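S.K.: quick one, what's the 3D model for this:
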Amino acid sequence: MDANAIQALKNAACAFIDLHSERLLAVSHEIHDHPEQNYEEFFASELLARTSTELGLPVEVGTYGCATGFSGDLGLGPTVCIMSEYDALPDIGHGCGHNIIAAAGLGAATALASVASSAGGRIRFLGTPAEEGGGGKILMAQHGCLDDVDLAMMVHPADADLITIDAIALQQLLVEYTGQEAHAAASPHMGRNALDAAVLGYMGVATLRQHIRPTERVHGIFVKSGEKPNIVPREASTEWYVRSDNVTSLATLKPRVLAALEAGAVACGCTVEHTWIGSPYADMITNDTMSAVYVQNAAAVGRSVSDPRRGGHRVVGSTDMGNVSHLVPSIHPMIASAPHGTSIHTVQFAEYARTPLADQAVVDGAKILAMTAIDFWTSPERQKAVAAEFLAAHTDKDVL
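M.R.: Got it, this is the predicted structure:
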């Protein structure tokens, strides 16, 4: 397909997004106003599915083994999967701006559906819940949501325009301590303090941090710590995120963290049980062939995108999109929707996620994703290059 024809498709997709921009922004605002946590996103999934269907891309809720997930396919040819996230965080709501991801994905997917037959491509729109620790993409991939997908894409809000999130591997850990209750004044010697065990375990991790890689992260909270001060706590529990550069180094770090946590139980005469929750989140493998295309299309809407892997500003985190990137070629760019220096997972970021900056990110993100997908659909040479780069990356498919 010649350059003029490709540009005409891009223009048509962008015009579609402009035509429906008010509706896309209304969806973003509605999701922002109704925050829902992991696998509870019934409002958001229904709203996105209904809107997508009304805009020409029929979508069904409850697909691929996930009650609050959704999917819809349209067209024939190479398959581009656009993913929307829409879960929120406890207490601070959309402090990660998933309402922006949801609406931008909706705009890109429906715009692509409007040109799919002319571009010779197939669009798959996936709603992937529970990114904030629940692994919705992993669950849906286990049920086949990535079958026949040639490229997966999404765009994530941040305080800067970046080629990729600096995503490292992660697994959640629950540690439960059991001791013996006793009256804390009358007979403390009869007790075995589970809270003391948990505190010593917490301090053990604090000392371990001196001797792990600078890129590794271990952080936790107390979930249960006793009932009343005058009762020696019989039960205590802590929850942890253990992060490392990739799934291989994560496997080495996990037993070191667990040993530190178990040591507290030994010191206090308590018992301890642990649960590694779900599948690990894998590191993100960015397909540079398509990242370069994304950067070019971002420039077309006035955004300059930098590469955090070459120094400068970074956004470090973990995402189940990392697992997707081990299974199919993927990109996960970050789009500026808040002032520089505004950290994600904060009340401040949640507030910015419903401002004109965020609204512009919805519209621009939808357009950039749509144009990038069109470039992929219309170039067999690029499709081959993307596939070749993916194979050369030696990705580990054992991430589910």
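
S.K.: use CA for all of it now, contacts and neighbours both
M.R.: Noted.

S.K.: and this protein, split by domain according to the record?
M.R.: 3-165+283-392, 169-281 (automatic domain parsing).

S.K.: CA atoms of the one helix or strand Leu48 maps to as CSV?
M.R.: For Leu48, the enclosing helix or strand under DSSP states H and E is helix 42-54. Extracted in CSV, the C-alpha atoms of helix 42-54 (Å, rounded to 0.1, in the frame of the first residue of the first chain):
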residue,chain,number,x,y,z
PHE,A,42,-18.5,-4.7,36.7
PHE,A,43,-19.4,-1.0,36.1
ALA,A,44,-16.3,-0.3,33.9
SER,A,45,-16.4,-3.5,31.9
GLU,A,46,-20.1,-3.0,31.1
LEU,A,47,-19.7,0.6,30.2
LEU,A,48,-16.7,-0.1,27.9
ALA,A,49,-18.4,-3.1,26.2
ARG,A,50,-21.6,-1.2,25.6
THR,A,51,-19.9,1.8,24.2
SER,A,52,-17.6,-0.2,22.0
THR,A,53,-20.5,-2.1,20.6
GLU,A,54,-22.4,1.2,19.9
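
S.K.: what is whichever helix or strand comes after it packed up against?
M.R.: Downstream of helix 42-54, the next assigned helix or strand under DSSP H and E is strand 60-61. Contact partners of strand 60-61 among helices and strands, from 3 or more C-alpha pairs under 8 Å, 6 or more residues apart in numbering; DSSP states H and E: helix 42-54, strand 70-75.

S.K.: just to revisit the earlier point, ranking the domains of the chain by burial, who's on top?
M.R.: The highest average neighbour count among those, using mean count of other C-alpha atoms under 10 Å, belongs to domain 3-165+283-392 at a mean of 22.

S.K.: got the end-to-end distance for that domain?
M.R.: 29 Å (C-alpha to C-alpha, to the nearest Å).

S.K.: list the helices and strands the strand or helix carrying Glu30 packs on?
M.R.: Assigned by DSSP H and E, Glu30 falls within helix 21-33. Other helices and strands packing on helix 21-33, by 3+ C-alpha pairs under 8 Å, 6+ apart, are helix 42-54, helix 98-119, helix 356-377.

S.K.: could you rerun that using 10 Å?
M.R.: helix 3-19, helix 42-54, helix 98-119, helix 356-377 (3 or more C-alpha pairs under 10 Å, 6 or more residues apart in numbering; DSSP states H and E).

S.K.: how about the strands in the protein?
M.R.: Remark: strands assigned in the chain by DSSP state E are 60-61, 70-75, 79-84, 122-127, 151-153, 156-158, 166-167, 169-178, 217-224, 235-244, 271-281, 316-317, 330-331, 334-336.

S.K.: Asp91: which of the ones you listed is closest?
M.R.: With respect to Asp91, and counting by C-alpha to C-alpha, the nearest of the strands of the chain is strand 217-224 at 15.1 Å.

S.K.: partner strands of that closest one, with direction?
M.R.: Using DSSP bridges, the strands paired with strand 217-224 are strand 235-244 (antiparallel).

S.K.: from the chain's centre, how far out is the helix holding Glu30? Work that out for me.
M.R.: 20 Å (C-alpha atoms, centre = their mean, to the nearest Å).

S.K.: now stretch 172-183
M.R.: 31 Å.

S.K.: using PDB, list the CA coordinates for that stretch.
M.R.: Output in PDB follows, covering the C-alpha atoms of stretch 172-183 (Å, rounded to 0.1, in the frame of the first residue of the first chain):
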ATOM      1  CA  GLN A 172       3.100 -11.200  45.800                       C
ATOM      2  CA  LEU A 173       3.600 -13.000  49.100                       C
ATOM      3  CA  LEU A 174       1.400 -13.400  52.100                       C
ATOM      4  CA  VAL A 175       3.000 -14.500  55.400                       C
ATOM      5  CA  GLU A 176       0.900 -15.600  58.400                       C
ATOM      6  CA  TYR A 177       2.400 -16.000  61.900                       C
ATOM      7  CA  THR A 178       0.700 -18.000  64.700                       C
ATOM      8  CA  GLY A 179       1.600 -17.800  68.300                       C
ATOM      9  CA  GLN A 180      -0.200 -18.200  71.600                       C
ATOM     10  CA  GLU A 181      -2.600 -15.600  73.200                       C
ATOM     11  CA  ALA A 182      -2.200 -14.700  76.800                       C
ATOM     12  CA  HIS A 183      -3.100 -11.800  79.200                       C
END
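
S.K.: quick one: average pLDDT of that stretch?
M.R.: Model confidence over stretch 172-183, given as mean pLDDT, is 97.

S.K.: ok, stretch 216-231 next?
M.R.: 96.

S.K.: one more: stretch 121-130?
M.R.: pLDDT averaged over stretch 121-130 gives 98.

S.K.: may I have it as PDB, with CA atoms only?
M.R.: C-alpha atoms of stretch 121-130 as PDB (Å, rounded to 0.1, in the frame of the first residue of the first chain):
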ATOM      1  CA  GLY A 121      -6.300  -6.100   9.300                       C
ATOM      2  CA  ARG A 122      -8.000  -7.600  12.300                       C
ATOM      3  CA  ILE A 123      -8.600  -5.800  15.600                       C
ATOM      4  CA  ARG A 124      -9.000  -7.600  18.900                       C
ATOM      5  CA  PHE A 125     -10.200  -5.400  21.700                       C
ATOM      6  CA  LEU A 126      -9.500  -6.800  25.200                       C
ATOM      7  CA  GLY A 127     -10.700  -5.600  28.500                       C
ATOM      8  CA  THR A 128      -8.100  -6.900  31.000                       C
ATOM      9  CA  PRO A 129      -9.100  -6.400  34.600                       C
ATOM     10  CA  ALA A 130      -7.100  -6.700  37.900                       C
END
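
S.K.: I'm done for today, thanks for sticking with me.
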